[in-house]
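Undergrad: below are the sequence and a predicted model for it; my questions follow.
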Amino acid sequence: MKSQDVRKQFLDFFKSNGHLIVPSAPIVLKDDPTLMFNNSGMAQFKEYFLGNGTPKSKRIADTQKCLRVSGKHNDLEDVGFDTYHHTMFEMLGNWSFGDYFKKEAINWAWTLLTEVYKIPKENLYVSVFEGSKEDNVPFDQEAWDIWKTLIDEDRIILGNKKDNFWEMGDQGPCGPCSEIHVDLRPESEKALVSGKSLVNNDHPQVVEIWNNVFMEFNRKADGSLEKLPAQHVDTGMGFERLCMALQGKTSNYDTDVFTPLIEKVEQITGLKYTSDEVKNISEEQNKTNIAIRVVVDHVRAVAFAIADGQLPSNTGAGYVIRRILRRAIRYGFTFLGTKEPFINKLVEVLANQMGEFFPEIKSQQQLVTNVIREEEASFLRTIDIGINKLNNQIEDLKLRVDKGLKFSGELAFELYDTYGFPLDLTQLIVKENSFEIDSDLFEKLMQEQKNRSRAASEISTEDWSVLIPGNVETFVGYDKTENEVKITRIRKVDSKKDGILYQIVLDNTPFYPEGGGQVGDKGTLVSANETIEIIDTKKENNLILHFAKQLPENIEAGFVAKVNNDLRGSTSKNHSATHLMHLALRNLLGTHVEQKGSLVNPNYLRFDFSHFSKVSEEELRQVEASVNAQIEAQLQLVEHRNIPIKEALDKGAMALFGEKYGDNVRMIEFGESKELCGGIHVKNTAEIWHFKIISEGAVAAGIRRIEAITGDAVKDFYKNQENTLSEIKETLKNPQDILKSVASLQDDNAKLKKQIEQLLKEKVNALKLDLEKGFQEVNGVNFLAKQVDLSMASTKELASALGSSKPDSFVFLASVEDGLPNIHCYIAKELVAAKSLNANAVIKELGKYIEGNGGGQPFFASGKGKNVAGIAEALAHAIDFVK
């Protein structure tokens, strides 16, 4: 059965059983502060389990794109070494929100697997929760009794809390679960060892394929459990593993989910992948197999993340995507011999393979390809730099007398942390040169980094204290910036980063929560006796959270919620200007321009968009002119607050890839500009006053970024420009023609520069002639070590000239520039070969005296330091190398 049919049959089955089929949410979570990525099928439904929202249907089914790079069995560095764990995977799932429970969920799961997919019953095992004295949760007798009617009792396994009690996190909804495992081993192996003994024991052919979670508890901050108001069902079935079972394979990578990608890698590299059925392969072939698995797994994760709007970067979710891609590049470089970008060529295969069900990968194919290609090229250059650093250390070690020296653990960590070199690659190269790494120091530095990272992200969240049960919060901020409110719930949050904060939920609020690129509102809660400052507003699980450093003394009092109108006004100007600029860019550059990210705050706006080349100065001027024309046209805001999404799209509204939209949406119109948007906007474009672009540049391949300002920020900008111009005029003695005066200065400067260069050249030549007299013969070497009064560049030039002036020369020069010492060493090439001298090693050794370092070639190297007083010692010890 083809993978497309596997997916379709799952969804058709649950549709026939009254489930609403919904599309996958984006793999990247933009407005959930608790998660970077969708890591499970239920992530997009959290608010319903928490009781903070109402689903479209009490029965839902879908297939969700998921990404996991940490946790049980999901460490990124382990993916590729087995045949059934992945970074990105699809999770087939069905949900009940207070509707059916164990009986229906278990019976449907069994019917689908054994009657629709026709998996032999004798290949299946199931587990139920054995109970927990610690949590006072009994053995799941109900699930056991249901399974007894479907499967032999000797195929039902009791599972402990670790395996059969599912939790959303340290706090929140949870409950016992019932897993279904499939035994894919050949009959000969089954006859020797029972599959029952291999369940949950990491056997590659005895794997869990479906987990039915019965959510009936809420885990509180103190660890205790309380019953949920309603019982829910959350199930998840690994699509890739299911395909493995239905296609008669023993590896996910042997299914048609991965084979098209593997075949493309084989075509590019000329190497062959061996399926899991081939036994007793060579160590070399095993390395090739692992590398190919890494590449085809990782390209899926990276491609879908980029298609959903997450570009590789050095922070947050972008860093995770970059790390995944760099691991794939490194495996290709090390084990597949790929020294040029190649992973980007797999995107077309992926788009053709999955584009029908996930249209975003098809529509964003070119962008994804371009971004991955540039990331590959950039990292391959980084690898070259890292290898040079690594080789320099190895060469240095080879020159040392003490052969017991180890390769620096500190450098190994720098290569890992800065250049993306995992320890195994560094170990491989170091071992080839007969050295070993100081792995104890490496591990110490690695652990310190993990501890810092863990400490920075540690957060302690107390349970909600509910003051008004059952209240559904209302947002009134489109119409008001001030409103009478009551506090409905509060909780305390303690983090290393922000310290102790309080999250406050109101019965209705004018505060806009961070989302869609727009920052959250700030303001105050005012009662008769006190004022509480609101420092930020965010949304989590459909609750609008107001952050404060202190709670009101009387939390049950009535308050007036007041948004900071100055900040709100500036932000709304920037947000509306973003829409106007988006239209201007599409009109000027073409309809390929699409928003790829934005930030809207009171100070400026930032807009990332798809475009294949730099936007010229003339084009930027035209964009500015277009936006300012729309501002001057005094376009009135036309807001469609609750319009069916189809109607909005039919009206010409732009929807953004990577955003999750409901059946009804909010549509914002300013003249020809029509976008789906939940943010705050001006009532009329005239309020923006003026629009000014500050910068334009590249973010990634095919992605440009514009930063711009509006309103008072533009006034400040022009005021600063005017002040700067006045200062220039004053400095130039107030000439009538400033441009002419500046041009004259530039001409004079160019003439003086030429004169200085000529004088310096003459000085260097004179110094060279004088220093040539100071050479002394030491063991057949023409040796010279001196300090000179020249710039670093001139000293370097002089060292090279002096070295070339005599055969068998060894020249060591030092100078001081801007208060910092620099040193240079020239060694004749015949000496490098005959006496095993190395300028690079000389600079590294003598650089210690000036508290510096450097490097270069065996015949010429340079360095810089911090200790000028150390020059004398460095000069004195230079002769030691030729004695």
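TA: Sure, I can see it.
Undergrad: now stretch 210-222: mean pLDDT?
TA: In this model, stretch 210-222 carries a mean pLDDT of 93.
Undergrad: can I get it in CSV, CA atoms only?
TA: Below are the C-alpha coordinates for stretch 210-222, written out as CSV (Å, rounded to 0.1, in the frame of the first residue of the first chain):
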residue,chain,number,x,y,z
TRP,A,210,-0.4,3.9,18.0
ASN,A,211,-0.9,5.5,21.4
ASN,A,212,-4.4,6.1,22.8
VAL,A,213,-4.3,8.6,25.6
PHE,A,214,-7.3,8.9,27.9
MET,A,215,-7.1,12.4,29.4
GLU,A,216,-9.0,12.6,32.7
PHE,A,217,-6.6,14.3,35.1
ASN,A,218,-4.9,17.6,35.5
ARG,A,219,-1.4,17.7,37.0
LYS,A,220,-1.0,20.6,39.5
ALA,A,221,2.2,22.5,40.3
ASP,A,222,2.6,20.5,43.5
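Undergrad: could I get the full set of strands for the stretch 401-550 of the chain?
TA: Here the stretch 401-550 of the chain has its strands, by DSSP state E, counting those that start in this stretch, at 459-461, 465-466, 474-475, 482-495, 499-506, 508-509, 523-526, 531-534, 536-540, 543-548.
Undergrad: which stretches of this protein have low pLDDT?
TA: 31, 70-75, 399-404, 456-457, 657-658 (pLDDT under 70).
Undergrad: which residue lies nearest the spatial centre of it?
TA: Gly318 (2.0 Å; Cα atoms, centre = their mean).
Undergrad: what's it in contact with, if anything?
TA: 310-312 (Cβ atoms under 8 Å, 6 or more residues apart in numbering). No exception for glycine: its C-beta is placed from N, CA and C like everyone else's.
Undergrad: name the element it belongs to?
TA: helix 316-335 (DSSP states H and E).
Undergrad: which helix or strand lies directly C-terminal to that helix?
TA: Using DSSP H and E, the helix or strand that follows helix 316-335 in sequence is helix 347-354.
Undergrad: which elements pack onto that next one?
TA: helix 259-269, helix 283-307, helix 359-363, helix 365-399 (3 or more Cβ pairs under 8 Å, 6 or more residues apart in numbering; DSSP states H and E).
Undergrad: list the buried residues for it?
TA: For helix 347-354, a neighbour-count test (16 or more other Cβ atoms under 10 Å) marks 347-351, 353-354 as buried.
Undergrad: Thr63 in helix, strand or coil?
TA: strand (DSSP: H, G, I helix; E, B strand; the rest coil).
Undergrad: now render the buried residues of helix 347-354 as TSV, adding distance to Gln595.
TA: Output for the buried residues of helix 347-354, formatted as TSV (distance: Cβ to Cβ, whole Å):
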residue	distance to Gln595
Val347	21
Glu348	24
Val349	27
Leu350	23
Ala351	21
Gln353	27
Met354	24
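Undergrad: could you measure from the residue nearest to Val347 when sequence neighbours are not counted over to Lys596?
TA: Closest residue in space to Val347, ignoring its immediate chain neighbours: Thr369 at 4.6 Å, by Cβ to Cβ, 6 or more residues apart in numbering. Relative to Lys596, Thr369 is positioned 15 Å away (Cβ to Cβ, to the nearest Å).
Undergrad: also Ser453?
TA: Following Cβ to Cβ, the distance that separates Ser453 from Lys596 is 28 Å.
Undergrad: before we move on, what about Ala799?
TA: For Ala799, the distance to Lys596 - Cβ to Cβ - is 50 Å.
Undergrad: could you do Asn392 as well?
TA: Taking Cβ to Cβ, one finds Asn392 at 39 Å from Lys596.
Undergrad: and if you look at Lys133?
TA: Distance, Lys133 to Lys596, by Cβ to Cβ: 52 Å.
Undergrad: what does Leu35 give?
TA: In this view, Leu35 and Lys596 are 21 Å apart by Cβ to Cβ.
Undergrad: who's more crowded, those two?
TA: Using other Cβ atoms under 10 Å, the more surrounded residue of Leu35 and Lys596 is Lys596, with 26 against 14.
Undergrad: mind listing what the closest residue to the more buried one other than its chain neighbours touches?
TA: Among residues not flanking Lys596 along the chain, Asp608 sits closest, at 4.4 Å (Cβ to Cβ, 6+ apart). Each residue near Asp608 by Cβ under 8 Å, 6+ apart is listed here: 311, 595-598, 699, 703-705.
Undergrad: what kind of secondary structure is Asp608 in?
TA: Going by three-state DSSP: Asp608 is strand.
Undergrad: bridged to it, which residues?
TA: Taking DSSP bridges as the rule, Asp608 bridges to Gly597, Arg705.
Undergrad: and Lys65, how far from Thr111?
TA: In terms of Cβ to Cβ, Lys65 sits 26 Å off from Thr111.
Undergrad: neighbour-wise, which of these two wins?
TA: Lys65 (27 against 14).
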